[in-house]
Every structure is written in C-alpha cells, then in structure tokens.
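J.: Show me how the following folds:
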Amino acid sequence: MTYVQQNKRNLVIAAAAAMQPLPVAPTPAPAPTRLRVPRLRPRRMTARTLVLAAVVASVPVTVAATAVVHYANHASPAVRPLSSGADGNEIHMPVVAALPAADASTWSALTRPAGAAEADPDNMTALRTLQDDGPFGLNAGLARQIATRDGYNIWLMPGNGFVCIGMQAVGDATIGAGCNTDAAARAGALTFSDGNALFGIAPDGVRSVTVTDADTGLRHDEPVIDNVYELANQPASVQLTVPGSEPVRFNVLQ
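T.: Presented below is the predicted three-dimensional model:
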C-alpha cells in the first residue's frame, strides 16, 4: 500500500467489505495476499504507481465475556470488487464535501486550520492524486498532517464513508495510503504497512495499544504519540480503548 516508482502510473485498488464478525475463539482465517513493497526513499518522483488497498473491518460484535469489540481485517470470501456494470469501471464515491462531525470529534487534528504542510504544492498534488484516483471520496482539502515518524510525514484523510492514513517519505512528493471504513477507523482500526514497519492512527485519548504477537503470543504495550503508533511488521492482534468506550481488538497482517 504505497507508491512505487515506475515509468507509468498504474492504479490497483482492492477492498474488503464488512461481512463477518470474529467469534470469541476464532479459527484463524486464511491469510490474505499482502503487498510487500520497499520503504519509500526521500526523493522526487515524476511517475507514480499507486497501490491502494482498503482493509474494511467486519461487523463489530460485543463479546460479553471479555467486553471487547472485535474487528477482523481479513477479506471475506464474499467480497466483490469495487466495480460496476459490464464495463468494469470502478465505482468512485462522491468527494465528501465537509468534515464529518464524527471524524472531527474523534481526531481533533482534523479541525485545526491548514498549515504549511497542507499548503505545500507538492503535498497537495499528491493528496489530490489520492482524491481523484481512489474510490473512497477523499477530500484533499480536509487532510491534515498529524505527525512525522521514522522518516515519514503521516496524514489523516477523511473520505465519504472512509478514512485513510497517508504515509509520505520526508522530502518526497508522493503519498501511499491505507483506508478503512469510518466506523472501524474511528474505533481504532486504521493502519498502513510499508513492508518494514506497521503504522496506525488511534483516536484522541488513546495513550497506548496492547499488542499480542501472533507467532509467539508475546503481549506488550506500545505508546501512541500524536495519535500515531508504530509496530513491527508482523502478524499480531492490537487492542486499544477509546475513553468512554469498550475495548476494541483487531488483527493486523493476518
């Protein structure tokens, strides 16, 4: 889910639809095909290839025994591509006209006035590419750069029923993105993997996430700074709690 330098631009979009809740003791789902791409280097690109995937969470289910709301990020067998009619053209959601109130209350960073990062012409060109080429109804004018971490500028981008995390190598003019449904993203399930590390955006008020590594079962807490956390690029479950809400658990890279 990132930009890769090539001689021409090629848009590949995959999306998983909200279908199946995780049971209390789930049977591991078959691992979906994952894109593994090299880390973005801080350089200018004149040609872009956008590989954009949406991890759309399953219907949330409250589990009484553990009081945890589960989200799954694996694709359902019933997933249909974002296309329409015999011509196979992609369905693009209309661009969201204004910042959704629920997004504004989840991430206060989206409510601040646009600053130097948002006014930068290269940044706006990259954001408008995501807006125009993606199907999620993103509004480039509503995107805000919320942090810089590990060589990346990290963006939060509202869409029409979706929210995206954007990753831009410092000094680069391209942005890769990972998207999720509004409801899942506001609950905390919004992540992006560059093949070397996994980055996530948490709602306001979340100070840490609890991670359980899939291979060893090791459980550890990782800090959330400026709404952003960073994890090893390996399968795991992530649990977080938004103040005033039930804990939420979801899988990454599984």
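
J.: tally of neighbours for Val170?
T.: Using other Cβ atoms under 10 Å, Val170 has 11 neighbouring residues. (Each C-beta comes from the backbone N, C-alpha and C, glycine too.)

J.: Likewise for the one 5 residues further on?
T.: If you count neighbours by other Cβ under 10 Å, Ile175 ends up with 28.

J.: Report pLDDT for it.
T.: pLDDT recorded at Ile175 is 89.

J.: Can you show me the helices along this structure?
T.: When assigned using DSSP state H, the helices of the chain occupy the ranges 101-106, 116-119, 121-133, 182-187.

J.: Tell me which of those sits most buried.
T.: Stretch with highest mean neighbour count among the helices of the chain: helix 182-187 (a mean of 22; mean count of other Cβ atoms under 10 Å).

J.: circling back to that earlier point, include distance to Ile165 and mean pLDDT when you put the helices of the chain into JSON lines, please.
T.: Shown next, in JSON lines, are the helices of the chain (distance: least, Cβ to Cβ, whole Å; pLDDT from 0 to 100):
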{"stretch": "helix 101-106", "distance to Ile165": "13", "mean pLDDT": "96"}
{"stretch": "helix 116-119", "distance to Ile165": "15", "mean pLDDT": "95"}
{"stretch": "helix 121-133", "distance to Ile165": "11", "mean pLDDT": "90"}
{"stretch": "helix 182-187", "distance to Ile165": "8", "mean pLDDT": "91"}
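
J.: Including distance to Asn233, could these go into CSV?
T.: Output for the helices of the chain, formatted as CSV (distance: least, Cβ to Cβ, whole Å):
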stretch, distance to Asn233
helix 101-106, 26
helix 116-119, 26
helix 121-133, 22
helix 182-187, 20
